[in-house]
Structures are given as C-alpha cells and as structure tokens.
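K.L.:
No letters, just coordinates:
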C-alpha cells in the first residue's frame, strides 16, 4: 500500500463524504427546508399564482384571527384528535398486552391485527363509506340489536366526524400496538417475578409494573398520534369533502382548499405556518418527555 | 482517492439520471398534438366526444388530439385553474358559464375573434344570449358547445298505477304538491319505498323555484345580494317542505342514488327535475323505464327556469391556437351538434339547428328546449362558485334541521354579501 | 430527537416469544384450573378482536363479489348470493386506464424504493463512518426537518414544483420524497452499530470508500434495508395527497388517485368500487404476508414513523 500525504487524503475523504450526502441534501434542502422558509415568506404575501406575490405584511394573520372557517377547522381538528388519540392509544395497549400473552398462534393474530395498517386511506375510506351507508352493514347490525338504524352517518353533521375517527382508529391502532409490543418485551421478566413473589395478582402487576414501565411509550404514542391527527386530509377529501355543513373540515383540508380551489396561496401558507407552530409545540413536548428520564 | 471521487460522482450521476430518465419516459411525446380536457358526467357523454374526436382526426390527419377528461364535474374548475397557474393547461378545455368571468378577467383565455374567420365562423351563427356569457370587453373567449335547461321528468307507470294524470306545462306548485302526495307509498320499507319527487341538496334544482316565486340572488349588476327576501324564504320552504313536512320528497342520498336522475332511473321517485343529460343516461342504464318530460310547473309569480351552458375555450398559453381552433370549430360545428342533439343529450347552440326535425319527433327534448324562452343564466359573477356553495349550504341547513328557512336565508344572504365585497 | 442505540435495536430484534415467558408459564402450571380459564379468556379475546379488526375487510371482499343489487340489498349478507366474479373483470375493463394506474403505481413505488435504499444508505454510511466538517451539524439540521410535517409545506412545495415545470409529471411526484430523513436516520443508526473492524480491515486491503460501502456495509445492513424498502413501498403505494395535488392527467394517475377518479364515475356501483379497492389492497397485503416480520420490526426500530 502506498502511503499518501495524510492531509490530502483527509480532504479527499471529506469531499467524498459531501458527495455521498449530496442527493439527500439536495432533496431535503429543496423540498423540506427551503420549502418551509418559502412557506413563511408566502404567508406574508397575497399570491394567486397568476401574478407575482404581493407583500402584505401581517395581513393574512390578522384575517386569520377573525376567520370563522379557520376557527371551525381548528376546533374540528382538535375534536378529531381528542376522539382518536386516547382511544387508539388504549386499544393499542390492549392489543399489545393481549399479543404479549403466551399462546399458540400469536404470530397469526399479530399479523391479522396488523392488516388495517397497511390498507391505504383511500381504500379504507371507501370501505367505511360503504359500511356506514344508510342501507349499510352498520345500520343493519344496529337494527338487529333493536337500536335506531336509519341514520345516514356521513350526511349527518353529528355523526360524520365520529365515522372518520373510527376509520382512523381502525387504521392506526395496530401500528402503535407494535410500539407497545416492543416496549412490553423490553420489560425484564425478573420484575414480574419479583412482584409475583410479593403476592400481586395479574391486574395488580399490570397496574403497578407494566403500566408505569410503559409510560415513555404511552407518551411517545400519544404525541405521535396527536401530530398525525393534526395532519388529517385524505379521509375528509374522500369521504365528506369537509361536509356536511363544514363539520369535518380539518385544518389541512382547509389549507388545501384555500390553496388549490380558491388560489389564495398566501393565506393558505399563513394557515400552514400556524399549523406548523402547533405541531412544533407538540414535537417539543414529545422530545422533552422522551429525553426526561422517567424514574419508577 | 481522486479516482474514487470521480467514480463516485459517476455512480451518483448515473443514479440521478436513471431516476430522471425513468420518470421522464412517461412524459408526453412532443408531436403536433392538441390537448383537450373537460369533464364527462357519464360514459354516454364521453362517447359523444370520443366519436367527434375520431371524425376530427380523420378530417385533419396532421393534428393529433389528446383527450383528458375529468370525471368529477365539481372538481374540474379547480383542476383547470391549477393547470393554468402552473402552465400545464391543455390547449382546449371546457369553461362552464359560471366560471367564465373569473377566467376572462384574469386574461387566462385566448380571444377567438381573430381565429374565427379562418373557418368562416361568425358570431351570428350562435344563440346570442349564450355567446354573451363568454364575451368580455367586446371579445369572444369561448364557443358554447351546447346548453340545457331543466324539465320535469315523470315515470309514466307510477302515474298510471296511482291514477294520477300526467303532468302538463300548465301545472302549478299546488298540482306538483298534490301529485307528489298521491305518488308516495311504502316509505317504511327501504326496498319498496317510492317517493313523489327527488329534490336534492343542490342549488341548481332549487333556483328555478326561486325564480318562479319572483325572487333573485343578485341584482342585475351583480354587486348586491337580493337573496334575503320573503320570496326566497317561501321558495326554500316549498322546496324542502316536500321532504320535511309532507314526506313526499326525498334526497338522492337517502335512497342510495348518486344523483336525482339515478334515483329516478332506479324507480325510487316518480318525478325529478333534470336536464337533457338524463335522457341518454336513462336510455343506457335503465332502458325499460317509461317516462315523459314536461316544462317545469308555474310558480306563484309565473314561469322560471335555469339555463346551463359550457363553452370550448383556448388557453392563453396554447402553442397551437390555430389547430386548437380547428378542433373547436369541428366540435361546435352544425354536424357534430346535430349528433349531440339526436342523442338527446343537450341542445344545440347554433341557430341553424333551432328548427331541427328532431324537436317535432321528440316532445321530451322539445319540453326542455321550451324552457330556454324564460330561463335565467346559471352565472353569479366572478365568485359564482362560492355563491353557489353558500346556496347549497342554505339548503343543507334546512334539510338537516339546523335552521328554519328564514334563519338559513338570512345567513346565506349575509355570506353572499360578504363575497361580493 | 430520539436516537436509537445499537443495543436497543438488538433488543428489539429479539423474537416476540422469548425465553423468560416460558419460565413464567412453568411457574403457573401448578394451578391447572386457573391456567385453563386464562387460556380460554386469551383465545376468546384474540378471536373476537380479530373478527372486529377483519370484519370491514371481510365485508369488502364479500361486497366485491356481489351484484350491484346485492351490494345494497337489505338486510346485507356476508356470503354473496349468488357470488359473481364479473366485478373484477368489469373494473379491469372499465377503461384502458385501470391497468395503466396499476403499472404507474408499481413503477413509482419501485423508483421510490430504489432511490430511498441507495441514497439513504449512502448518506447513512457517510454520516456514520466518514469525517467531514459540519457533519454533525448537517445531521442535526436534517433531523430537525422531521418536525416539518408534509402537509405544512404542500403549498410552497407545489409552487416550487410548478416553477421547475414538474407539475403533472412523475418528477414532480417523485422528487420531493426521493429520499426521506427517516430513511437516512434509520440507516445512519444501523451502520453505526456495525462493528468498525470489518470496514477497517477492508481499508487496509485497499478497498475504496465506495467499495467498502457497496461490498461490506450494504450487505451487513440487510435487515435495515429490508424494513426501509417495505416502508418506502407502502408509503408510495398508498400515497394520496401529494399526487392528487401534482397530477392532472388521468393516464398518469396512481392507483389511489385512479380509484378516487373511478368512484367519481361509478359512485353508486359499490360492488365495482369495492372490487376496485381490492386491486389496491391485495398487492400490499401479499407483500405484507411475505415480509411481515420486517414490517413489524421496522416500526419497532423507530418510533419516529407515524
């Protein structure tokens, strides 16, 4: 092996390093990093894509404060998040605990539970639309139970959002189940043995050992879930178009509509920036709960 | 080491090129092509356009037409605007009369006046009120391809079974209400239920009732909302009353139908207000249904109807305006319009076809044509789309029991007033 | 930001039915009555939940074999009577576009998977093994962009893509997600956990940087690569919002977009809509059945994927 000058080799190696990361930098730099900065810029302009952006300062944000549609969309999104996140987290824990039991055929059930997660939102939305038709399977099941069964679920402003929530929970709970499953398997068996010697029953050991040890995972899932629900769009677009009577218009749906139907790019960007601020705050919350060492 | 950098650059470059090449391979080939886009509300409508394109390509072998229809009629104006904004709009596309003001004032369309002489086409060839919808500052921006008004479709077998005489053009609102009552039966059983009339949450079905009651949405200049009036409240109350008070009306969604015409075809309702587009749809999807069409009933303040028209326009950025014009000329030519008329799909915009034999032979389509005499344009200023959204929500609030007609009208009036600012 | 240590990854790769649980069960054996109740309860729950989870899908499959009258009949039945297979043929033949959408989706997914695997692992290798000024700073900033959810930048991204002339092209669909931060992060963490002596030995043997990456690191990264490949495939296969925004021409549509378009045409023909959906569900389901363990391991490997 020929010995080359040390410095030169280092410089060349560094250049090679830059080269290796260059595709990533180019893609992420343009479409995420720059794109975010550009969104900030656009949020201070009036821009319809047909003429050049016009600087309007804080005008968009001022309009946003008094905009009932935006307020409605925010409330809808919060409602959606509150409806989805706790339920999906609880279900995910339940599924994970169940799958952590020792029984024959667990891998089969694990796979079965996971199936909704790989179903696309488009297909899942069609399925739920159909199930919740007035003459659909859900109403039929209700009528068998002698419950009121003549609701047109997605055309009723009271029930449209809960249907969207259900379809989201169906699709995402199994995903988070896997995170809990991994967390459960990280709990050393010795801990259980110790409490068993102390005479704890199954519920007590779950309540006092499993649950506290799952706390970081619960925080993680709750925050990831919240961030996810704040980005909901596909379901609204496919199932309800934000209706009936705006009862399912989410923030992202409103952003999309403002940008690609009304061509109010600046205004839509201002909404996006506000949404970003909210999600950013939630992410910080996540980071803090993850970084903090939770003691038991 | 240097060699390494170069070979790595080569590998990376190759990878990038590969991605680009693969993605680029599917881009449109660069030929003398005219891209045409519009919506197609049914396979029947799409076939009419497909056939016209075939005969065009036979006539002009050097021009290739790429037809890119959008199925979702409601989404087409938005898609079109995105395409215009990003410079990817097709050369020729549909412009609905309600969208025309927004596009013309923004300078997104090519004026056609200079192209028209190349095929000896004159503005006088077309029905003048229709052409006006696409004229801005004295220039023509679109050639109306066809038009439609609404007629009252009725199921003859259901009328016979209920012993109700067929509707006549002289029917009043009371006659409509009484007939709907007699034609409604078995509403307890979703499988057998039959309703008198299908009245959906759709401004375009409710507006004729507003006009029949002497109401209006905007003033003549389109600067002020005239919606908040007693006439509107009464028209709204009448329209929603069929379902809410008398249980003789139904919305298409309540009976698992995609639209009113679908509910009618499936035998869920005895009557429906639709345009000529329903005729080929029934022929194709429900060939056994026996039906007739008459003019809409008269309201307390006389007759009222809507006319809908759609034009072909050329993008302001089209690279082949001459070829694009030839396509428009062919599609709106007398020969093609006659074919459209004879399919029963829509009414011709050329004066030459006003007295076509087909009208005498087909009282159904003639009934729809007669509505034109007193119909108002389905066009509500630069913000048409938003105004119609508000009217739709006004209907929805009442249907869902969220507001009384009076409350709902006043809220819609305020919202529309805001849109006009 | 959450950083995974190698031992953490190793811990999560442990099979789900580990040794410790066996010991626990043996301890329970002395109480046969309780053991039986336990087993029955567990199986009952497992079966009931599986039924609830799979019911929507079961009804979908059943609906796709019903006639149009059957799919809306009251009361609805689970077993189609009579079962028909014509829906699939009808969907497939409904327009020449349908097969095209499938081809488009497969094509886009393959390009996405290939690009993600190559570029993410290459950058991951650089971040994990090479030294260059600003490396850690760039890595941190890159991770920071994870906080920017895609819908927030959909408007500005669209305008950038429009300026580049990529609207209504596959470039516009592919480029913004050609390689993801998640992928780079996953690969960096994984490569860091690979013992260094392997590639050091290769350096001494005169292997080039790219050679080490290609011949040593890449083969050792197979578990991470397979998880990443599956995620990339799933994301691309199911993606909706961005392609909806960028694509206009029906012949460029992906299958999810196509299905939405298809529903616009056949919105009351639920038997066809459901059969159409099966074209979207079935391929990913097959991929899942084959590569199940990578799917599940992939999620467990990082809580970042939401």
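P.N.:
Yep, it's here. As the structure is a prediction and not an experimental result, all values here were calculated from the model.
K.L.:
show me where chain A has helices.
P.N.:
Secondary structure of chain A (DSSP state H): helices at A:6-28, A:35-42, A:59-65, A:68-99, A:106-118, A:121-131, A:137-144, A:160-186, A:189-197, A:202-205, A:211-229, A:234-235, A:251-260, A:265-291.
K.L.:
Can you redo the ones you listed as JSON lines, where the extra columns are mean neighbour count, distance to residue B:413 and mean pLDDT?
P.N.:
Backbone N, C-alpha and C define where each C-beta goes, glycine included. Shown next, in JSON lines, are those (neighbours: other CB atoms under 10 Å in any protein chain shown; distance: least, CB to CB, whole Å; pLDDT from 0 to 100):
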{"stretch": "helix A:6-28", "mean neighbour count": "18", "distance to residue B:413": "50", "mean pLDDT": "88"}
{"stretch": "helix A:35-42", "mean neighbour count": "19", "distance to residue B:413": "33", "mean pLDDT": "96"}
{"stretch": "helix A:59-65", "mean neighbour count": "15", "distance to residue B:413": "22", "mean pLDDT": "93"}
{"stretch": "helix A:68-99", "mean neighbour count": "19", "distance to residue B:413": "16", "mean pLDDT": "94"}
{"stretch": "helix A:106-118", "mean neighbour count": "19", "distance to residue B:413": "46", "mean pLDDT": "89"}
{"stretch": "helix A:121-131", "mean neighbour count": "25", "distance to residue B:413": "33", "mean pLDDT": "92"}
{"stretch": "helix A:137-144", "mean neighbour count": "17", "distance to residue B:413": "37", "mean pLDDT": "88"}
{"stretch": "helix A:160-186", "mean neighbour count": "23", "distance to residue B:413": "26", "mean pLDDT": "92"}
{"stretch": "helix A:189-197", "mean neighbour count": "14", "distance to residue B:413": "68", "mean pLDDT": "81"}
{"stretch": "helix A:202-205", "mean neighbour count": "13", "distance to residue B:413": "61", "mean pLDDT": "82"}
{"stretch": "helix A:211-229", "mean neighbour count": "20", "distance to residue B:413": "36", "mean pLDDT": "88"}
{"stretch": "helix A:234-235", "mean neighbour count": "24", "distance to residue B:413": "33", "mean pLDDT": "94"}
{"stretch": "helix A:251-260", "mean neighbour count": "25", "distance to residue B:413": "23", "mean pLDDT": "94"}
{"stretch": "helix A:265-291", "mean neighbour count": "20", "distance to residue B:413": "24", "mean pLDDT": "84"}
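K.L.:
Compare those and give me the one nearest residue B:326.
P.N.:
Residue B:326 lies closest to helix A:251-260 among the helices of chain A, at 32.3 Å (CB to CB).
K.L.:
And the closest one, how far out from the chain middle?
P.N.:
With CA atoms, centre = their mean, to the nearest Å as the basis, helix A:251-260 stands 18 Å off its chain's centre.
K.L.:
what helices or strands is it leaning on?
P.N.:
helix A:68-99, helix A:265-291, helix C:154-163, helix C:241-246 (3 or more CB pairs under 8 Å, 6 or more residues apart in numbering or on different chains; DSSP states H and E).
K.L.:
how does it look with 6 Å?
P.N.:
Using 3 or more CB pairs under 6 Å, 6 or more residues apart in numbering or on different chains; DSSP states H and E as the contact test, the elements touching helix A:251-260 are helix A:68-99, helix A:265-291.
K.L.:
Ok, which of the ones you listed comes nearest chain B?
P.N.:
helix A:265-291 (9.0 Å; CB to the nearest CB).
K.L.:
quick check, that closest one touching chain C?
P.N.:
Yes: for helix A:265-291 and chain C, the contact criterion (CB under 6 Å from any CB of the partner chain) is met by A:265, A:268, A:269, A:272, A:275, A:276, A:279, A:280, A:283, A:290.
K.L.:
I'd assumed residue B:237 was in contact with residue B:405.
P.N.:
Yes: judged on CB atoms under 6 Å, residue B:405 makes contact with residue B:237 at a distance of 4.4 Å.
K.L.:
which parts of the stretch 101-250 of chain C sit against chain B?
P.N.:
The interface of the stretch 101-250 of chain C toward chain B, taken as CB under 6 Å from any CB, is made up of C:111, C:115, C:118, C:162, C:167-171, C:174, C:208-210, C:248-249.
K.L.:
In the stretch 251-400 of chain B, what residue comes closest to chain C?
P.N.:
For the stretch 251-400 of chain B, CB to the nearest CB, closest residue to chain C: residue B:258, 4.1 Å.
K.L.:
Grab the nearest non-local neighbour of that residue.
P.N.:
Closest residue in space to residue B:258, ignoring its immediate chain neighbours: residue C:268 at 4.1 Å, by CB to CB, 6 or more residues apart in numbering or on different chains.
K.L.:
Equivalent analysis for residue B:360, please.
P.N.:
Spatial nearest neighbour of residue B:360, excluding adjacent residues (CB to CB, 6+ apart): residue B:366 at 7.4 Å.
K.L.:
Mind telling me what element the one you found is part of?
P.N.:
Residue B:366 belongs to helix B:363-370 when assigned by DSSP states H and E.
K.L.:
and that helix, what does it pack onto?
P.N.:
Secondary elements touching helix B:363-370 (3+ CB pairs under 6 Å, 6+ apart): strand B:291-294.
K.L.:
related to what we said a few turns ago, surely the residue of the stretch 251-400 of chain B closest to chain C is in contact with residue C:269?
P.N.:
No: using CB under 6 Å, residue B:258 is not in contact with residue C:269; the gap is 8.8 Å.
K.L.:
mind listing the strands for the stretch 301-421 of chain B?
P.N.:
In the stretch 301-421 of chain B, the segments counted as strands under DSSP state E, counting those that start in this stretch are B:305-314, B:375-377.
K.L.:
quick one: which of these is nearest residue B:195?
P.N.:
Taking CB to CB, strand B:305-314 is the member of those nearest to residue B:195, at 22.9 Å.
K.L.:
and the closest one, which strands flank it?
P.N.:
Paired neighbours of strand B:305-314 in the sheet (DSSP bridges): strand B:92-96 (antiparallel), strand B:143-149 (antiparallel), strand B:375-377 (parallel).
K.L.:
circling back to that earlier point, looking at the residues of the stretch 101-250 of chain C next to chain B, which is nearest chain A?
P.N.:
Nearest to chain A among these: residue C:209, at 5.3 Å, using CB to the nearest CB.
K.L.:
Spatially nearest residue to the closest one (excluding sequence neighbours)?
P.N.:
residue A:16 is the one closest to residue C:209 (CB to CB, 6+ apart), at 5.3 Å.
K.L.:
Right, I'll leave it there.
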